[in-house]
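Enquirer: this is the structure alone, sequence omitted:
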């Protein structure tokens, strides 16, 4: 399945007699989106066989990398030894065999000219449409320069912090989605658009492309999860750009479908404070989200990331992880350096000093229900 910075792997719906398919992102800036297709065909009898079924689906297959074209289409290129530029004579790295290709998947993706993305982290597959969503958490000015913007990573701008510190590149991130040709997860072609752009609500319209408001502005999407009960696409953030004004958060979105928006032109030359006349990039944006399709659901304690979510089958109880609250506390709790950045959840276990009885910050899992006992998010 390739060696790279796996944040996870998200599977397409298994179908009898067809390969098992997983989508993956490489959790680094300017890296790639991958797809694994098994050679073995799915036998539903294996669903309950556990270890007896073995690893036959995951140890024998083909690895592909995504190329996103400027016209809203894309294609998967197989990473296979002795094909294209994946050769022993490739100048940047000489491949020895197929095992070498898989171990050095990033080099192989470079060789075939895959599209460098703004840090692909989590993915999710819409259980209703089969569309694949991938978070592109952020990028900096060094790696997402004005000259390197493209249709799938179209923004280069400055989102200054409240202290005036510049944050250039794509500090707020976005979510891309794609639909495989003929709804076949094994297809070699797909169509894509950008589901939503992260931004502060008071940024110019060519930064705040999704027209976010004070009720749904966000930055640095990381986690994604679809509810099978409600169809909601839940977005979790792991942010360092917008945290001068608010904390990381969880948002609920109505997914829509790939292609429900249209073309948009981003004039980065104006946003970047440069006089160049180049920098106008065409992209494809999903239907305007607005507050009816995207709303903030909860805000985490200071210094925390919202990551990991699931719910009961009836959709009435949700479990949400709050990770590393007080992350910026010096030395993470050394008595001599404690600050009051966060004492969440404040349930005791203190070590004295500045924290007192509230205790040091701790990761935890929230359990959320509605007062009326109904489904979460509706």
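Expert: Structure received. Given the structure is predicted, the values throughout are model-derived calculations rather than measurements. Numbering: from 1, shown residues only.
Enquirer: rest of the way, CA atoms for contacts and neighbours
Expert: Fine.
Enquirer: pretty sure residue 292 sits in a strand.
Expert: No - according to DSSP: H, G, I helix; E, B strand; the rest coil, the state of residue 292 is helix, so it is not within a strand.
Enquirer: just give me the neighbour total for it.
Expert: Other residues near residue 292 number 9, with proximity taken as other Cα atoms under 10 Å.
Enquirer: mind listing what it touches?
Expert: Going by Cα atoms under 8 Å, 6 or more residues apart in numbering, residue 292 touches no other residue.
Enquirer: give me the buried positions along stretch 103-120.
Expert: Within stretch 103-120, the residues that qualify as buried by neighbour count (16 or more other Cα atoms under 10 Å) are 104-112, 114-120.
Enquirer: then stretch 210-226?
Expert: Across stretch 210-226, burial judged by 16+ other Cα under 10 Å covers 210-213, 216-226.
Enquirer: which ones among those residues lie within strands?
Expert: Secondary structure of the buried residues of stretch 210-226 is defined by DSSP state E; positions in strands are 221, 222, 223, 224, 225, 226.
Enquirer: just give me the closest of those to residue 247.
Expert: Using Cα to Cα, the shortest approach to residue 247 within these belongs to residue 221, at 12.6 Å.
Enquirer: low-confidence bits of the stretch 151-300 of the chain, can you list those?
Expert: Filtered on pLDDT under 70, the stretch 151-300 of the chain yields the residue ranges 270-279.
Enquirer: where along the stretch 101-250 of the chain do the helices fall?
Expert: Taking DSSP state H, counting those that start in this stretch as the criterion, the stretch 101-250 of the chain contains helices spanning 105-111.
Enquirer: what ranges does it have for its strands?
Expert: Along the stretch 101-250 of the chain, the stretches classed as strands by DSSP state E, counting those that start in this stretch are 117-118, 120-125, 132-136, 139-140, 157-158, 168-170, 174-180, 189-197, 221-226, 233-237, 249-253.
Enquirer: to residue 305, which of these lies closest?
Expert: Across these, the minimum distance to residue 305, taken as Cα to Cα, is reached by strand 233-237, at 6.6 Å.
Enquirer: farthest pair within the buried residues of stretch 103-120?
Expert: Using Cα to Cα, the two most remote members of these are 104 and 118, lying 20.0 Å apart.
Enquirer: that older thread, how about the ones in strands among the buried residues of stretch 210-226 in JSON lines, adding distance to residue 31?
Expert: JSON lines is the format used below for those (distance: Cα to Cα, whole Å):
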{"residue": "221", "distance to residue 31": "16"}
{"residue": "222", "distance to residue 31": "15"}
{"residue": "223", "distance to residue 31": "17"}
{"residue": "224", "distance to residue 31": "19"}
{"residue": "225", "distance to residue 31": "22"}
{"residue": "226", "distance to residue 31": "24"}
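Enquirer: and which of these is nearest to residue 179?
Expert: The closest of these, once distances to residue 179 are taken by Cα to Cα, is residue 226, at 15.8 Å.
Enquirer: count of neighbours near the residue lying closest to the closest one once chain neighbours are set aside?
Expert: Setting aside the residues directly before and after it, residue 226 is nearest to residue 233 in space (Cα to Cα, 6 or more residues apart in numbering), at 4.6 Å. With neighbours defined by other Cα under 10 Å, the count for residue 233 comes to 22.
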